[in-house]
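Trainee: test case, fold it:
(one chain, ligands or ions: 1)
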Amino acid sequence: MVAVHKTVDELAIFGGAPVFDEKLHVGRPNVGDRDRLLQRINDILDRRWLTNDGVYIREFEARVARLAGVRHCVAMCNGTVALEIAIRALGLAGEVIVPSFTFVATAHALQWQDITPVFCDIDPETHNLDPGLVEQAITPRTTGILGVHVWGRPCAVEPLERIARRYRLKLLFDAAHAFACSHHGQMLGSFGNAEVYSFHATKFLNTFEGGAVVTNDSNLAARLRLMRNFGFAGYDQVIDLGTNGKMNEIAAAMGLTGLDSLDEFIAVNRRHWEQYWRELADLDGVTLAAYDPAEKNNYQYVILELEDTLAISRDELVSILHAENVMARRYFYPGCHRMEPYRSRYPQAGRHLPHTEALTRAVVSLPTGTGVEADAIASICHLVRLAVRHHQEIHQRLKRQRGQAALAL
Ligand code: T4K
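Mentor: Predicted coordinates:
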C-alpha cells in the first residue's frame, strides 16, 4: 500500500472512506519461520510427548535463561499464572505494593490469592513506580513490592532494591513487556527475587499463550517447578500445594521459533519505532515514549502521550483512528484501581494516584511489529499529525456531531 494523505473533511469519522480496508491491530503477533515451526510440531506429534517437561520446553527454558542472564527459567502456561505461582512461591501475603498503571493481571494475580494490591502512583516521566511513594506506602502488613517494567522500560530497579532490603520485603518484577530489554547492560529478568515474562500472542516473543518465571535463586526455582506441576516431586509423591501451570510442547516450539528470529523482530520494531519518532517527535502537543539507545530494547510498544494543551482528547484521537481502521489501544485505561473488584473496594484510590489518572487519559498505543508495513505507519503518522494540527476544528466538529447524535435519539 502507498501512504495515504487526507484533509480534515476526508477523515472517515466525518464520512470519508477509511484509509485501511482491514483493521490494523495493535499486538499483531510476530510469527517466525513457519516451516521451522511446522517441523518442530511434526516432531512433537511423532514423538507423542505433548507437555510435562518435554524436550522443547527444556530447550526453550535454557535459551530464555541464557538470554536473560539467569540460572533458572521456569516456563508456564501464561504470564498471569506465572505471576500467581511466583507470588505464592515467594510467600507474599498481606499487602503488596504495585502500580495501578499496568495490565489488570498484575493486580489480579495478588487479589486472586487474597493479597491486597496497594496501588502506588508512578513517575510521569518513566510511567513506572515512583520509589519515593513506594516507601511511603509500606505498612506493617507489607510483604513485597511488585514492580512492572511498563513498555519494556526498566523500573527504578536500584532504589526499589534498596527499599526492599531496608524493609526486608520481597521484590518481584512483572517483566511481561520486557523480554530482551536491558538496564545498565544487564537484562531485565535478572533483578529482584524473580521476574515474570509473558509470552502471550501480543507480546514481542510469543508462545501463543505462555509465560515464565526467571530467577537466580535455586531454591525458589525448585519450588516454582513443584508448584507448576501440582506439587509432584516424583511419580506418586506430592510434597507441596501446587497447581497446573505447565507450558505445552507446541507452545515451546513456537517460542523457540520466535527466538530464532529475535534479531529480525527487534530490527523491524526498531525501524518502525524510529519512523514514528522521525514523523511525530517534533509535533507540538504529543510525546512519543522514548527508549534509551544505550540499552537493549525490544521496541514493542509505540506509545503516544497527548498533552492537555490540545483541544482534542485522547479518546477523540482514538475514535478518529478507529474510523480509519487503525485499532489504536488505550493501554492501560482506566487503571486497575478503576476496575473491579478494586473500584468498589477502594473507591478513593484515585486521590492518591494523580499521575496514573492523568496518564490513563493521555496515552494511546499504536500498531507496530512484523505484521505492519512502513507505508501503513506513514499513513498513521499522517492521521495523527492531521488530528493534532487541526485539533481545535476537529474537536468542535466532533462535539457538534455528538450533539446532533444526542438530539436524534
Ligand atoms: N502483566 C502485564 C504488564 C501484561 O501486559 C500482561 C498481559 C500480563 C501481565 C499477563 O500476561 P498473560 O497472562 O496475558 O500472558 C492483551 C493481552 O491479552 C495481554 O496478554 C496483554 N498483557 C495486554 C497488554 O494486552 P487485551 O485485552 O488488550 O487483548 P486483546 O484480545 O484485545 O488483543 C490485543 C490486540 O492484539 C488486539 O488489537 C488484537 C490483537 N491480536 C490479539 C490476539 C490474541 C491479534 O492480532 N492476534 C491475536 O492472536 O489484552
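Trainee: tell me the domain ranges of this structure?
Mentor: Here the domain assignment for the chain is 8-27+262-328+367-408, 34-260, based on automatic domain parsing.
Trainee: put together JSON lines for these, with mean pLDDT and mean neighbour count on each row.
Mentor: Glycine gets a C-beta too; all of them are placed from N, C-alpha and C. Listed next are those as JSON lines, based on pLDDT from 0 to 100; neighbours: other Cβ atoms under 10 Å:
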{"stretch": "domain 8-27+262-328+367-408", "mean pLDDT": "96", "mean neighbour count": "17"}
{"stretch": "domain 34-260", "mean pLDDT": "98", "mean neighbour count": "21"}
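Trainee: make JSON lines out of those and add distance to Leu359.
Mentor: Shown next, in JSON lines, are the domains of the chain (distance: least, Cβ to Cβ, whole Å):
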{"stretch": "domain 8-27+262-328+367-408", "distance to Leu359": "7"}
{"stretch": "domain 34-260", "distance to Leu359": "6"}
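Trainee: including distance to the ligand, could the ones you listed go into JSON lines?
Mentor: As requested, those are exported to JSON lines (distance: least, Cβ to the nearest ligand atom, whole Å):
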{"stretch": "domain 8-27+262-328+367-408", "distance to the ligand": "3"}
{"stretch": "domain 34-260", "distance to the ligand": "3"}
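Trainee: any idea which of the ones you listed gets closest to Ala358?
Mentor: Closest approach to Ala358 among those is made by domain 34-260 (7.0 Å; Cβ to Cβ).
Trainee: span of that closest one from start to end?
Mentor: 11 Å (Cα to Cα, to the nearest Å).
Trainee: centre of the chain to that domain, how far?
Mentor: Counting by Cα atoms, centre = their mean, to the nearest Å, domain 34-260 is centred 12 Å from the centre of its parent chain.
Trainee: going forward, begin numbering at 33 instead of 1
Mentor: Got it, the first residue is 33 from now on, which makes the last one we talked about domain 66-292.
Trainee: coming back round to it: figure out which of the domains of the chain is closest to Pro379.
Mentor: Nearest to Pro379, of those and by Cβ to Cβ, is domain 66-292 at 12.4 Å.
Trainee: circling back: nearest to Leu385, out of the domains of the chain?
Mentor: With Cβ to Cβ as the measure, domain 66-292 is the member of the domains of the chain nearest Leu385 (4.8 Å).
Trainee: would you map the strands across this structure?
Mentor: Applying DSSP state E to the chain gives strands spanning 56-57, 104-108, 127-131, 148-152, 174-180, 202-206, 214-215, 218-219, 226-230, 243-247, 318-320, 334-338, 358-359, 395-398.
Trainee: now distance to Gln71 too, for those strands, in CSV please.
Mentor: Formatted as CSV, the strands of the chain follow (distance: least, Cβ to Cβ, whole Å):
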stretch, distance to Gln71
strand 56-57, 28
strand 104-108, 20
strand 127-131, 41
strand 148-152, 43
strand 174-180, 36
strand 202-206, 33
strand 214-215, 32
strand 218-219, 29
strand 226-230, 25
strand 243-247, 23
strand 318-320, 39
strand 334-338, 33
strand 358-359, 33
strand 395-398, 34
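Trainee: of all these, which lies closest to Arg79?
Mentor: Per Cβ to Cβ, nearest to Arg79 of those: strand 104-108, 18.2 Å.
Trainee: for that closest one, packing partners?
Mentor: For strand 104-108, the packing partners by 3 or more Cβ pairs under 8 Å, 6 or more residues apart in numbering; DSSP states H and E come out as helix 87-100, helix 111-121, strand 243-247, helix 250-260.
Trainee: so which of the ones you listed gets nearest Leu415?
Mentor: It is, among the helices and strands packed on strand 104-108 and with distance given as Cβ to Cβ, helix 111-121, at 31.8 Å.
Trainee: residues making contact with the closest one?
Mentor: For helix 111-121, contacts defined as Cβ atoms under 8 Å, 6 or more residues apart in numbering pick out 106, 108, 128, 137-138, 140-142, 144-145, 147, 176, 178, 204, 206, 208, 226, 228-232, 235, 242-245, 252, 255-256, 259-260, 275, 277.
Trainee: give me the angle between it and helix 250-260.
Mentor: 120 degrees (axes from the mean of the first three to the mean of the last three Cα atoms, to 10 degrees).
Trainee: tell me the angle helix 111-121 makes with strand 226-230.
Mentor: Going by the same axes, to 10 degrees, helix 111-121 makes 160 degrees with strand 226-230.
Trainee: if anything else comes up later, I'll come back, but that's it for now.
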